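Engineer: A predicted structure for the sequence below; I have some questions about it.
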Amino acid sequence: MLTKLLKKATMTLPNSNSTTVLELADGRSEKLYFSQVRPTEFTVSDSEFSMKSGINVELDIKNVDLVATSEVLWPGQKVYVRGGSASTGKALKGEVQIPLGKTVANGVPGETWLYWNIETPEGTLVNQTPIHMTGTVKGLPPQATEFSSQDVISLYDQLEGKFAGTLYACTQVT
């Protein structure tokens, strides 16, 4: 197997929109519409090339910084999502698989694994299991891409560690 490491590169995703359904432990829920507060930075880390399978590009996502205005749970108040080493202490990871004979521009599979701090008017919620999102990537940084999650992710109160709710139907459009 021929393996070649690609150079590390830092990239920025200047803008994206995200949604998620946040359901609190008491059953109240809302679909939140997030926009970026600041660009998402990520680093292309060690990547492998194989003559049999193509290129596997690993990404380290440095930050996620999103904001939504609640209309149902906390009318008119802000809900923030922060992720990355500085906010959660947990690395956010991504991966793009480029099969042999394809280019990213053709559309290739991509995945992310995300840990969030969700700052609400009632306190900060965290996930202990990563949010796994998948999509078709058409460029790096991702362009014209939609990622989505299929799982229901449990959320816990950051201070007390008690179950506080769930999130699901996460999407990100670049």
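Structural biologist: Received, thanks.
Engineer: quick one, what contacts the closest residue to Gly76 other than its chain neighbours?
Structural biologist: Leaving aside its sequence neighbours, Gly76 sits nearest to Thr69 (CB to CB, 6 or more residues apart in numbering; 6.6 Å). For the C-beta atoms, the positions are set from N, CA and C on the backbone; glycine is no exception. Applying CB atoms under 8 Å, 6 or more residues apart in numbering to Thr69 gives the contacts 76-79.
Engineer: what bridges to Thr69?
Structural biologist: Using DSSP bridges, the bridge partners assigned to Thr69 are Lys78.
Engineer: Please enumerate the helices of the chain.
Structural biologist: For the chain, the helices defined by DSSP state H occupy 85-88.
Engineer: Need the nearest residue in space to the residue most central in space within it, chain neighbours excluded.
Structural biologist: The centre of the chain sits closest to Leu114, judged by CA atoms, centre = their mean, with a distance of 4.8 Å. Spatial nearest neighbour of Leu114, excluding adjacent residues (CB to CB, 6+ apart): Ile131 at 4.3 Å.
Engineer: Just give the number of residues close to the one you found.
Structural biologist: By the criterion of other CB atoms under 10 Å, Ile131 has 20 neighbours.
Engineer: Distance of it relative to Gln150?
Structural biologist: For Ile131, the distance to Gln150 equals 10 Å [CB to CB, to the nearest Å].
Engineer: Separate out the buried members of the contacts of Thr69.
Structural biologist: Buried members of these, counted by 16 or more other CB atoms under 10 Å: Val79.
Engineer: Same question for stretch 98-105: list its buried residues.
Structural biologist: By 16+ other CB under 10 Å, the buried positions in stretch 98-105 come out as 98, 104.
Engineer: Mind checking the pLDDT average for it?
Structural biologist: Rounded to a whole number, the mean pLDDT of stretch 98-105 is 88.
Engineer: Equivalent analysis for stretch 59-70, please.
Structural biologist: Confidence for stretch 59-70, expressed as mean pLDDT, is 92.
Engineer: Quick check: end-to-end length of it?
Structural biologist: Separation of the first and last residues of stretch 59-70 by CA to CA, to the nearest Å is 31 Å.
Engineer: Name the residues of that stretch that come out as buried.
Structural biologist: For stretch 59-70, by 16+ other CB under 10 Å, it's 59-68, 70.
Engineer: Now tabulate the residues you listed in JSON lines and tack on distance to Thr124.
Structural biologist: As requested, the buried residues of stretch 59-70 are arranged in JSON lines below (distance: CB to CB, whole Å):
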{"residue": "Leu59", "distance to Thr124": "26"}
{"residue": "Asp60", "distance to Thr124": "23"}
{"residue": "Ile61", "distance to Thr124": "20"}
{"residue": "Lys62", "distance to Thr124": "20"}
{"residue": "Asn63", "distance to Thr124": "17"}
{"residue": "Val64", "distance to Thr124": "14"}
{"residue": "Asp65", "distance to Thr124": "14"}
{"residue": "Leu66", "distance to Thr124": "14"}
{"residue": "Val67", "distance to Thr124": "14"}
{"residue": "Ala68", "distance to Thr124": "15"}
{"residue": "Ser70", "distance to Thr124": "15"}
